[in-house]
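Chemist: Take this sequence and fold it.
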Amino acid sequence: MDVITEHAHQSIKQGSRSFSLASKFLPKRYRDDVAMLYAWCRYCDDVIDGQEMGHGQISDYKHGQLDRLSYLNKRTAEALSGKFMNDPIFDGLAKVINNNCIDHKYPNELLRGFSMDANCRVYRTVDDILDYSYYVAGVVGIMIAKIMGITDEGVLDRACDLGIAFQLTNIARDIMDDAKADRVFVPQSLFHDKGIKGTVKELLDQRNLPAIHEAVIVQLSLADRYYRSSKAGIKALPFRCSWAMYAALNVYSDIGSRIKKQGPSAWSNRVSSSHLRKLYLSFLALFSIFLNKTAVDVSRENLYQRPR
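Modeler: Numbers count the residues shown, from 1 in each chain. All right, here's what the predicted structure looks like:
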């Protein structure tokens, strides 16, 4: 294993134990490229958020965000132009993009999503957060599908749906951590009939937890629609790729189910699944593959339409 690939696998192992487990079911030729793509995505996210492997956010992370975004844009553009960067993160990205003939617009769209963070975008409507989720996660789903050899636009739509579902779930899980960092990703419109506006101050007031939980349930129900849609794309993948994606779907959707069941106390501790449960959900994915083969595909009507 070369330095670039070894660094990538270390990154995915440290940055996301859930996705790291799911990726182990991929054939090696896909697993390495997915890990290198993940390493670049993780690094960019950390640079913007002032974190390391998604943890330990610095208190003044907003200071200099636009400068850090400019740095990421410059380094990414250089890597995509063919310049050797002597950096496993950016050289790994270039390798993945070139190996799989991935349009440069996709990594650039991810950076556009991070620009929404750097410019403190306010998410007023569900459409707003779906748009954000496309740029920071839907495009990742598309790139992973392309690594797996997918070119059909309909299947790529479903891969995008899975990425959006993951992001909506992450937002629900991290709502309190985000509020402490002075940011809100649950759209304001979901709070309006709950008696609050969804401001940071309101989210951090424990008296509002029942209203917050009600709003989050609505967002998780939306995530479920995208999970269901994504299944039509998963069944178009090669067997081991399908297994890996179903494993990831099961683990992430389980997080949403736990938040729903735990009620307003869901955020007293970070919602996660034990390693044993993740293994159970991953092997349950095998049954999902066969059950899904004959299932009727869910329509994408009224779901987010990605830019073409």
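Chemist: you'd agree residue 69 is up against residue 112?
Modeler: No - in this structure, residue 69 sits apart from residue 112 without contact. The criterion is CB atoms under 8 Å, and the distance is 9.8 Å. (Each C-beta comes from the backbone N, C-alpha and C, glycine too.)
Chemist: higher neighbour count, these two?
Modeler: Comparing residue 69 with residue 112 by neighbour count (other CB atoms under 10 Å), the higher total belongs to residue 69, at 20 against 17.
Chemist: Shouldn't that one be within a strand?
Modeler: No - secondary structure of residue 69 (DSSP: H, G, I helix; E, B strand; the rest coil): helix, not part of a strand.
Chemist: So the nearest residue to it once chain neighbours are set aside versus residue 177, what's the distance?
Modeler: The shortest distance from residue 69 to any residue that is not its chain neighbour, by CB to CB, 6 or more residues apart in numbering, is 4.7 Å, and that residue is residue 118. Distance of residue 118 to residue 177, computed by CB to CB, to the nearest Å: 19 Å.
Chemist: One more: residue 99?
Modeler: Counting by CB to CB, the gap between residue 99 and residue 177 amounts to 35 Å.
Chemist: re earlier: the more surrounded of residue 118 and residue 177?
Modeler: Between residue 118 and residue 177, counting by other CB under 10 Å, residue 118 is the more crowded of the two (19 against 12).
Chemist: Hmm, residue 48 and the more buried one touching each other?
Modeler: Yes - between residue 118 and residue 48 a contact is recorded at 6.3 Å, counting by CB under 8 Å.
Chemist: The nearest residue to residue 90 once chain neighbours are set aside: how many residues sit nearby?
Modeler: By the measure of CB to CB, 6+ apart, the closest residue to residue 90 outside its immediate chain neighbours is residue 79, 3.9 Å from it. Residue 79 sits with 22 neighbouring residues when counted by other CB under 10 Å.
Chemist: Buried residues, stretch 94-102. List them.
Modeler: Neighbour-count burial for stretch 94-102, counted by 16 or more other CB atoms under 10 Å, picks out 94-97, 100, 102.
Chemist: among these, which are in helices?
Modeler: 94-97 (DSSP state H).
Chemist: Strands along the protein, start to end?
Modeler: Taking DSSP state E as the criterion, the chain contains no strands.
Chemist: tell me the contacts of residue 4?
Modeler: Residues near residue 4 by CB atoms under 8 Å, 6 or more residues apart in numbering: 36, 88, 91-92, 95.
Chemist: Which pair of those spans the longest distance?
Modeler: Using CB to CB, the contacts of residue 4 reach their maximum pairwise distance at 88 and 95, which is 9.7 Å.
Chemist: Can you give me the domain boundaries for this structure?
Modeler: Here the chain is described, according to automatic domain parsing, as comprising the domains 1-105, 121-308.
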